[in-house]
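Trainee: predicted coordinates and the sequence they were generated for:
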Number of protein chains: 2
Amino acid sequence: MNSIEKSLAVMRALSAPGGPHRLADLAERSGLNRPSVHRILQILVEGNYARATGDGWYAAGLAMRALAGGGDADDIAANAESILYELQKSTGHTVHFAVRAGDAAVYLAKVEGDKPYQMASRVGMQIMLHCTSIGKAILAALPSSEVDGVLERTVEMQVASHKVPDPAELHAELDAIARRGYSIDDEENEPNVRCVGAAVRDASGSVIGGISISGLAMMLDLEQLNALGPLVSAAAAEVSQRAGYIDLNRALA
Amino acid sequence: MNSIEKSLAVMRALSAPGGPHRLADLAERSGLNRPSVHRILQILVEGNYARATGDGWYAAGLAMRALAGGGDADDIAANAESILYELQKSTGHTVHFAVRAGDAAVYLAKVEGDKPYQMASRVGMQIMLHCTSIGKAILAALPSSEVDGVLERTVEMQVASHKVPDPAELHAELDAIARRGYSIDDEENEPNVRCVGAAVRDASGSVIGGISISGLAMMLDLEQLNALGPLVSAAAAEVSQRAGYIDLNRALA
DNA sequence: TAACGCCATTCGGTATTGTGGAATACTAAC
DNA sequence: GTTAGTATTCCACAATACCGAATGGCGTTA
């Protein structure tokens, strides 16, 4: 493991959810020893990629934001945006688009619903794969062994929030998602919020992320959620197509 | 210069605006020689932080997005959001919040106006400091020498778009901005778009970013822009306050 | 078609740089 | 006051990054 990979590991640990971090936590999360993490952090702080509070707490700095701009993701998000607006308009609910980044997904776009309440999400925010509709839509397209890997690492890093999913149960659910084409989050990620999601693929055919429809549980029962499934699925297919994906089933039809 | 700073330089070059980049461009932008950039890129590609098209083009990868999440910026953006909504509601125009990251600023939040058209900006997008309202509001609070440094590096990296500003003229404008408390972008950054902006400070008193109101030039003449100045300025002060800043002038009044 | 120039990529010996265990300084809790 | 758990510094060792030069591939020009 070279020093660049080490610094990336530290940066990932820094940007993990859960406020500022202690040096020891960062060391554990990144798999490095404390002196190395300390040295790397000093370099990151120097360049404003990290911020030290002075009493042993470290947080991601503002310069880290600049790294996220540009790249492929922007094109994909730009293409997706108009589709998200349509989906929001036809359903009235909040719509999200997120891409996978390692063992998490990151929101790239969000269109707020026409309801008086707002979702507590924000572009750039990270979500877990095992307990969100977008996340499960992504997992459903991965080989079983990779799902286990993600699950293992997720459980390891769990900060004692969210329940740990039973592997067998999750695998069964993922099979069902793959069959019907959309996934459901029944208040698993956040209490009182239900979502339905579907996977987005790129030109190479691999799953890169997903889109979802979210609403308060009191306004969106399971029946309605299932009714929205085909809509999300269709919108996701449209985004995939714009990203260069060619659906063979559809192309041959 | 150690290897971590080098990889950060490459990552910044990668995420610079302007689509995929050639290796030679990245080498020049980062100030490194080509073999070093190549080696670093291979490591980044391995971890999905960069993507190689195979024929010499490189783009920022999806994993880079994950680095941006978390950190201070999230708290600040969360606090700012409600103020942005108010500002949009009271003016009807599109409102942005961006933080400085090196020689650029990055949008952290955006509230679309109630007009039929939409701004071509997106959360995560980078803007230049010398030709945008938010950027100039930030520059106006920096020491003159630092402004020159930013300007120099900006001119160097300029990809032949946007006109190069005359230093003396810019300094005079920045003085005026500092006096009246808001900055104006009169179609400098984008044709047909005018903006008015003001700076946001954090608890330490240093400028971290700014907020702005934007609209099509045909619907927003200079007089109206100046009338909006105090509004942006007040909103920026409010955001600053929530970020922990204490305005001595106001506190003593 | 051949020759040129540009650019990405590989190579290799050198020396700079990172490494991590152990020691120390620090802080908070009891 | 003592202890336990930190962050931080130190340093000898060795691994790793470095970069000039060489190679190979590609598109363009005579």
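Mentor: Okay, I see it. This is a predicted model, so every value here is computed, not measured.
Trainee: contacting residues for the closest residue to chain B within the stretch 151-253 of chain A?
Mentor: Proximity of the stretch 151-253 of chain A to chain B (C-beta to the nearest C-beta) peaks at residue A:208, 6.8 Å away. In short, each C-beta sits where N, CA and C put it, glycine included. Going by C-beta atoms under 8 Å, 6 or more residues apart in numbering or on different chains, residue A:208 touches A:76, A:99-100, A:200-202, A:243, B:62.
Trainee: please apply the same query to residue A:27.
Mentor: A:33-34, A:36-37.
Trainee: among those, which are in reach of DNA strand C?
Mentor: Among the contacts of residue A:27, the residues lying close to DNA strand C (C-beta under 7 Å from any atom of the strand) are A:33-34, A:36.
Trainee: turn these into CSV, columns for neighbour count and distance to residue B:68.
Mentor: Shown next, in CSV, are these (neighbours: other C-beta atoms under 10 Å in any protein chain shown; distance: C-beta to C-beta, whole Å):
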residue, neighbour count, distance to residue B:68
A:33, 9, 27
A:34, 12, 26
A:36, 16, 24
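Trainee: of all the contacts of residue A:27, which comes closest to chain B?
Mentor: For the contacts of residue A:27, the residue nearest chain B by C-beta to the nearest C-beta is residue A:36; the value is 11.0 Å.
Trainee: need the contact partners of the helix or strand containing residue A:86.
Mentor: Secondary structure from DSSP states H and E places residue A:86 in helix A:72-91. For helix A:72-91, contacts defined as C-beta under 8 Å, 6+ apart pick out A:94-97, A:99, A:108-114, A:200, A:202, A:208, A:211, A:213, A:228, A:231-232, A:235, A:238-239, A:242-243, B:51, B:59-62, B:64-65, B:122, B:124-125.
Trainee: from the ones next to DNA strand C among the contacts of residue A:27, which land in helices?
Mentor: Using DSSP state H, the members of those that fall in helices are A:34, A:36.
Trainee: quick one: low-confidence parts of chain A?
Mentor: Within chain A, the ranges that satisfy pLDDT under 70 run A:157-164, A:253.
Trainee: ranges for the helices of it?
Mentor: Using DSSP H, helices in chain A cover A:3-15, A:23-30, A:34-46, A:63-68, A:72-91, A:133-139, A:144-157, A:167-180, A:222-242, A:248-252.
Trainee: so for residue A:118, which of the ones you listed sits nearest?
Mentor: Nearest of those to residue A:118, taken as C-beta to C-beta: helix A:72-91 at 12.9 Å.
Trainee: ok so, going back, restrict the ones next to DNA strand C among the contacts of residue A:27 to contacts with DNA strand D.
Mentor: Counting by C-beta under 7 Å from any atom of the strand, the members of those near DNA strand D are residue A:34.
Trainee: burial of the residue of the stretch 101-250 of chain A found nearest DNA strand C, as a residue count?
Mentor: Scanning the stretch 101-250 of chain A for the residue nearest DNA strand C gives residue A:204, at 18.0 Å (criterion: C-beta to the nearest atom of the strand). Other residues near residue A:204 come to 9 when the count uses other C-beta atoms under 10 Å in any protein chain shown.
Trainee: and it, what is it in contact with?
Mentor: By C-beta under 8 Å, 6+ apart, residue A:204 has no neighbours at all.
Trainee: which phi and psi does it have?
Mentor: phi -80, psi -10 (degrees, to the nearest 10).
Trainee: distance of it from residue A:87?
Mentor: 25 Å (C-beta to C-beta, to the nearest Å).
Trainee: same thing with residue A:249?
Mentor: 22 Å.
Trainee: comparing those two, which residue is more hemmed in?
Mentor: residue A:87 (25 against 6).
Trainee: how close does the more buried one sit to DNA strand C?
Mentor: Remark: distance between residue A:87 and DNA strand C (C-beta to the nearest atom of the strand, to the nearest Å) = 39 Å.
Trainee: then residue A:40?
Mentor: Counting by C-beta to the nearest atom of the strand, the gap from residue A:40 to DNA strand C is 7 Å.
Trainee: good, we can wrap up now.
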